[in-house]
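Asker: Sequence first, predicted model second:
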Amino acid sequence: MTISARVKQQMESASWIRKMFEEGEELKRKVGAAAVFDFSLGNPIAEPPAKFHEVMAKLLQEAPSGSHRYMPNAGFPEVRAAIAAWLSERSQRPFLPERIVMACGAGGGLNITLKALLDPGDEVVIFAPYFVEYLFYVDNHGGKVRVAETTDRFDLDVNDLEKVLSPRTKAVIINSPNNPTGRLYPAEALARLGESLRRASEKGKEPIYLISDEPYRQILFDGLVAPDVFDAYSHTILVTSHSKDLSIPGERIGFVAVGPDCADAAELAGAMTFANRILGFVNAPALMQRASARLQGVTVDPGVYQRKRDLIAPALKEMGYEVAQPEGAFYVFPKSPIDDDVRFTHLLLEENILVVPGAGFGRPGHFRISFCVPDEVITSSLPGFLKALESTR
Ligand SMILES: Cc1ncc(COP(=O)(O)O)c(C=O)c1O
């Protein structure tokens, strides 16, 4: 065989999203794309805010000499300074430009963070249901994933976390607002998590790092505001991107910010910068870095996604599905009406509805609907959701 056996096994075993994508393509060939209600992918549907286009036009006009060359691997110093200033204002803490590393999206940011932290066999805790790419990102750098559960309402379960913490735990990843549940972890939950990590860190020689993956931070509903994770725990690394808040996932821009009170912050930022280079990212895209510096705080209207949530979540509840109300992002993660979530997703497929089984996120018995689709797709799919549910009764 030509390809790595490990990669082959990963490709086969772990990607339900891909499997659903392939089944969806097959269905689209059969019945025509317009007849398929595709809720399988989290590709932001909102257009970037007008300000993004304005800034891009200006940047192209200004085009100072050398603006498309290589730069320091961590990014343009003035861009990192602008982001540090923005974070310092938001968090009322002194973020240093030298501790900001510009990255190729949150995905790139997570990879440079894990590369910087992990030795072979080091453990990283993630909470189920999880963003499936975490499994691969941790494996990329020789780490081992340990899974802690969230509660029935998808809240952080600190008791369960404490069962999986070990002397090899190097980091814990959280994601709020969450993909796939839409849950926003409130300040009290983060405080309990911080307390638990402090206690566990005191037992070891080195602190456990908290990696807060926040690409959906600005996509919040009902006037909710995301609490500051740096209030909860010192040894925190923020990873984020503009894939969702500016709706530009194709442009691959984000950053990592090492917390001002984080242990070994300078060394960590240096290692992430080196990781940017040796993982072949080299640096984050130059033009997008300059855009990012001018667009901190600018965001798509989360109302667009709130409207979609309000079209789908109450309607499903009304039919009899068990649904935890999403507070942000653009996903809802209902309970499957039968235990076998994979079978239920096939019942939905018979109604031309594509969703992803909860098994793909480490929480079987549920399924994920990604509602960043046109409103008509949601409204026209509802009879199919009802029919699939009735077929299980
Ligand atoms: C939870 C989570 N983290 C990270 C990412 C990666 O985003 P990007 O690399 O586009 O910034 C995604 C993308 O969907 C995500 O859902």
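Answerer: Great, that's in hand. Quantities reported herein were computed from a predicted structural model and do not represent experimental measurements. Numbers count the residues shown, from 1 in each chain.
Asker: what's the burial count for residue 287?
Answerer: Residue 287 has 15 neighbours, counted by other Cβ atoms under 10 Å. C-beta: built from backbone N, CA, C; applies to glycine.
Asker: Next to the ligand, which bits of this structure? Give me the list.
Answerer: Neighbours of the ligand within the chain, by Cβ under 6 Å from any ligand atom: 42, 105-107, 131, 175, 179, 213, 215, 241, 243, 249, 254.
Asker: Which residues are in contact with residue 298?
Answerer: 49, 51-52, 245-246 (Cβ atoms under 8 Å, 6 or more residues apart in numbering).
Asker: Give me the pLDDT value at the residue with the largest distance to the centre of the chain.
Answerer: Residue farthest from the centre of the chain, counting by Cα atoms, centre = their mean, is residue 65 at 35.4 Å. The model reports residue 65 with a pLDDT of 89.
Asker: for residue 12, same thing?
Answerer: pLDDT, residue 12: 79.
Asker: May I have the phi/psi pair for it?
Answerer: phi -80, psi -40 (degrees, to the nearest 10).
Asker: What number of residues are in the vicinity of residue 58?
Answerer: Neighbour count of residue 58, defined by other Cβ under 10 Å: 13.
Asker: Make sure residue 100 is actually in contact with residue 259.
Answerer: No: assessed by Cβ atoms under 8 Å, residue 100 is found out of contact with residue 259, at 11.2 Å.
Asker: is it true that residue 192 touches residue 156?
Answerer: Yes: assessed by Cβ under 8 Å, residue 192 is found in contact with residue 156 at 7.3 Å.
Asker: The two: which is more packed in?
Answerer: residue 156 (24 against 18).
Asker: roughly how far apart are the more buried one and residue 291?
Answerer: Residue 156 sits 34 Å away from residue 291, going by Cβ to Cβ, to the nearest Å.
Asker: Equivalent analysis for residue 158, please.
Answerer: In terms of Cβ to Cβ, residue 158 sits 39 Å off from residue 291.
Asker: repeat for residue 319
Answerer: 43 Å.
Asker: Which of the two has more residues huddled nearby?
Answerer: Counted by other Cβ under 10 Å, residue 319 and residue 291 do not tie: residue 291 has more neighbours, with 24 against 18.
Asker: Can you tell me, leaving aside adjacent residues, what's nearest to that one?
Answerer: Counting by Cβ to Cβ, 6 or more residues apart in numbering, residue 291 lies nearest to residue 55, which is 5.3 Å off, once chain neighbours are set aside.
Asker: Show the low-confidence segments of this structure, by residue range.
Answerer: Low-confidence segments of the chain (pLDDT under 70): 14-17.
Asker: re earlier: pick out the most distant pair among the contacts of residue 298.
Answerer: Spatially, the most separated pair among those is 51 and 245, at 11.8 Å (Cβ to Cβ).
Asker: Tell me which of the two has more neighbours.
Answerer: When residue 51 and residue 245 are compared for neighbours, residue 245 comes out ahead with 25 against 15, by other Cβ under 10 Å.
Asker: Enumerate the positions of stretch 62-73 that are buried.
Answerer: Using 16 or more other Cβ atoms under 10 Å as the burial criterion, the residues of stretch 62-73 that qualify are 71, 73.
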